[in-house]
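1. Just to be clear, the model below is a prediction. Sequence and coordinates:
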Amino acid sequence: MDIRRPHSAPIESLLASLQPVERMLAFARSRLRPLRDYDRRHQSDLIHTLDTYYACGGSLAAAAGRLQTHRNTVLYRLRRIETLTQARLRDPQVALELQVALRIGAALDE
């Protein structure tokens with residue numbers, strides 16, 4: 001299921017055109033590596049949960065609806081994400097960095 005909003009494509013196009021690509025990928029990987037590693041080891045979906053949460057404007061209820069899961073499941077996953085990244089998801093700087101990392105990944109099919 002594609003959770004991207006219609007207006008997110010321009011940012012992804014912009015990111016895909018920036019250079020050097022290696023530097024952008026390094027940024028995205030450094031922010032998302034703990035989540036990707038966890039997802040790989042546990043066959044979980046933390047990256048998708050985080051992307052959906054931000055796409056829903058930080059609404060647990062809306063994210064749960066899109067993910068077709070219980071609100072508490074989303075809350076549990078977000079807490080796990082905070083633990084793995086050692087960051088507070090509601091911190092504006094953290095939110096911006098993670099969202100940019102997610103968009104870089106989408107733009108570059110990472």
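-> That came through, no problem. Numbering: from 1, shown residues only.

2. Just list what the lengthiest helix in the chain packs against, helices and strands only.
-> The helix that spans the most residues within the chain, counting by DSSP state H, is helix 21-42. Contact here means 3 or more CB pairs under 8 Å, 6 or more residues apart in numbering; DSSP states H and E; on that basis helix 21-42 packs against helix 46-55, helix 71-85, helix 92-107. Glycine gets a C-beta too; all of them are placed from N, C-alpha and C.

3. can you rerun that using 10 Å?
-> helix 9-17, helix 46-55, helix 71-85, helix 92-107 (3 or more CB pairs under 10 Å, 6 or more residues apart in numbering; DSSP states H and E).

4. any idea which of these is most buried?
-> helix 46-55 (a mean of 20; mean count of other CB atoms under 10 Å).

5. what is the orientation angle of the following helix or strand past that helix with helix 71-85?
-> Counting by DSSP states H and E, the next helix or strand C-terminal to helix 46-55 is helix 60-67. Counting by axes from the mean of the first three to the mean of the last three CA atoms, to 10 degrees, helix 60-67 lies at 100 degrees to helix 71-85.

6. Quick one: distance of helix 60-67 to the chain centre.
-> 14 Å (CA atoms, centre = their mean, to the nearest Å).
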